[in-house]
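In: got a predicted model here, sequence first, then my questions.
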2 protein chains.
Amino acid sequence: MDDHQPIEEIHFIEDIGLYFEQMGLPRMAGRILGALLISDPPSQSITDLGVRLHASKSSISIMARLLMERGLIERVASPIPRRDYYRFKPGGWIIYMRQWLGLMAGLHQITERGMLLMADKPEPLKLRLKEAHDLFSNVEQEFPAILQKIAKQ
Amino acid sequence: MDDHQPIEEIHFIEDIGLYFEQMGLPRMAGRILGALLISDPPSQSITDLGVRLHASKSSISIMARLLMERGLIERVASPIPRRDYYRFKPGGWIIYMRQWLGLMAGLHQITERGMLLMADKPEPLKLRLKEAHDLFSNVEQEFPAILQKIAKQ
DNA sequence: GCAATCGTTTAGTATTTACAAAACGTTAGT
DNA sequence: ACTAACGTTTTGTAAATACTAAACGATTGC
């Protein structure tokens, strides 16, 4: 049962897991990402990750798919046949942030509908929605460029 | 049991609830926020909200506290004594986004620790962490000003 | 002083969720 | 063809979570 992993690496992996939980994502997904950030061959198979994280293949498989959907990892052509290798995806964090901001920007639509509902009401009552609406319009317009810039910096 | 709420308002409220779920937050919290975005007196008591949302006072109470922690709503001096009134907080969305980006920026620290772990490894292996580290440094430095600007626009 | 009305807190429940174990299909090596 | 090694999918389970109902403390009006 001894797999002589440095304690610091275990902590690093677990901390990213905890971070993921705070962001509303499964801890195991965070652990996988953590492992893929410091793994010595950057590409690791499902089985590799299962061993390293003491987790079942099934949960690794499912969480790896989730990470792919979020754009944080990717499959790579496997050196050994019949094995799927995953690695951290360059630019992954940017993709993830873009998705989140896209969600935010989606509120733009909803607040627009809200403003229609309030059309007949006196002006002060409309203020709340107008504030939200204008903000998300700005987010929608400005952030793509900002992320672009941040990514290249 | 007839409380004659326009169907569009019910939809609006529920849609924000669904949005909250996508963002990893309880649906009821989203419903409360939705209600406070279109309520005719902008300020509503726990009981008011419970009636309007057909929800128990306890969950309203708990979720209202959560929304306050996120900076999205606030308590206001109650016109009627012994009643807590809540309303949408001006600038609330900005505060919420700031919190989220703060969480992101926190990864700056973790990746720094990760880089220490990888100190002895060959350069290509360090690339992943360096990318993340640099990105979050940028986020940490740039975003406060950007949010400031977006808010005032 | 007593009943009524708040909001909070606690206790309880039902749903969801994260995970593991097992079954499965596929491919490669023998 | 048979076995072994993958990853995926399905099924089962334990834990977390969102919610309700009930108990509670505080305050007001009668």
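Out: That came in fine, so what should we check first? These figures come from a predicted structure and were not determined experimentally. Numbering: from 1, shown residues only, chains lettered A, B, ... in the order given.
In: by proximity to chain B, which residue of chain A wins?
Out: residue A:24 (2.3 Å; Cβ to the nearest Cβ). C-beta here means a position set from N, CA and C on the backbone, and glycine is covered the same way.
In: from memory that residue sits against residue B:25, does it?
Out: Yes. The criterion here is Cβ atoms under 8 Å, and residue A:24 meets it with residue B:25 at 7.4 Å.
In: looking at these two, which is more packed in?
Out: Per other Cβ atoms under 10 Å in any protein chain shown, whichever of residue A:24 and residue B:25 has more neighbours is residue B:25, with 20 against 11.
In: grab the nearest non-local neighbour of residue A:20.
Out: The shortest distance from residue A:20 to any non-neighbouring residue, by Cβ to Cβ, 6 or more residues apart in numbering or on different chains, is to residue A:30 (2.9 Å).
In: so that neighbour is in contact with residue A:12, correct?
Out: No. Using Cβ under 8 Å, residue A:30 is not in contact with residue A:12, being 11.0 Å away.
In: which stretches of chain A form strands?
Out: For chain A, the strands defined by DSSP state E occupy A:44-45, A:73-76, A:85-88.
In: which of the ones you listed sits closest to DNA strand C?
Out: In this view, the strands of chain A are compared for proximity to DNA strand C by Cβ to the nearest atom of the strand, and strand A:44-45 is the closest at 13.1 Å.
In: the closest one near DNA strand D anywhere?
Out: Yes. Counting by Cβ under 7 Å from any atom of the strand, DNA strand D is contacted by strand A:44-45 at residue A:45.
In: who does that strand pair up with?
Out: strand A:85-88 (antiparallel) (DSSP bridges).
In: related to what we said a few turns ago, so which of the strands of chain A is nearest residue B:144?
Out: Closest to residue B:144 of the strands of chain A, according to Cβ to Cβ: strand A:85-88, at 27.2 Å.
In: in space, what's closest to residue A:140 - neighbours in sequence excluded?
Out: With sequence-adjacent residues excluded and distances taken as Cβ to Cβ, 6+ apart, residue A:140 is closest to residue A:105, at 4.0 Å.
In: quick one: residues contacting the one you found.
Out: By Cβ atoms under 8 Å, 6 or more residues apart in numbering or on different chains, the residues touching residue A:105 are A:136, A:139, A:140, A:143.
In: just confirm residue A:151 contacts residue B:132, I think it does.
Out: No. The criterion here is Cβ under 8 Å, and residue A:151 misses it with residue B:132 at 11.8 Å.
In: distance check, the residue of chain A closest to chain B against DNA strand D.
Out: Computed as Cβ to the nearest atom of the strand, to the nearest Å, the residue A:24 to DNA strand D distance reads 9 Å.
In: pLDDT score assigned to the nearest residue to that residue once chain neighbours are set aside?
Out: Ranked by Cβ to Cβ, 6+ apart and with sequence neighbours excluded, the top spatial neighbour of residue A:24 is residue B:24, at 2.3 Å. Residue B:24 is assigned 88 on the pLDDT scale.
In: pretty sure residue B:24 sits against residue A:23.
Out: Yes. Using Cβ under 8 Å, residue B:24 is in contact with residue A:23, at 7.0 Å.
In: up against DNA strand D, what does chain A have?
Out: Within chain A, the positions near DNA strand D by Cβ under 7 Å from any atom of the strand are A:45, A:46, A:47, A:57, A:58, A:61, A:62, A:64, A:65, A:82, A:83, A:84.
In: show me what contacts the closest residue to the fourth one other than its chain neighbours?
Out: Beyond its immediate neighbours in the sequence, the residue positioned closest to residue A:57 (Cβ to Cβ, 6+ apart) is residue A:50, lying 4.9 Å away. Residue A:50 is in contact with A:56, A:57, A:60, counting by Cβ under 8 Å, 6+ apart.
In: which of the residues you listed are buried?
Out: residue A:60 (16 or more other Cβ atoms under 10 Å in any protein chain shown).
In: out of the contacts of residue A:50, the closest to residue B:36 would be?
Out: When the contacts of residue A:50 are compared for distance to residue B:36 (Cβ to Cβ), residue A:60 wins out at 41.8 Å.
In: I figured that closest one was touching residue A:46, is that so?
Out: Yes. Using Cβ under 8 Å, residue A:60 makes contact with residue A:46 at a distance of 5.1 Å.
In: mind checking which of the strands of chain A is nearest residue B:4?
Out: With Cβ to Cβ as the measure, strand A:73-76 is the member of the strands of chain A nearest residue B:4 (50.8 Å).
In: buried residues, that closest one. List them.
Out: So, applying 16+ other Cβ under 10 Å, buried residues of strand A:73-76: residue A:73.
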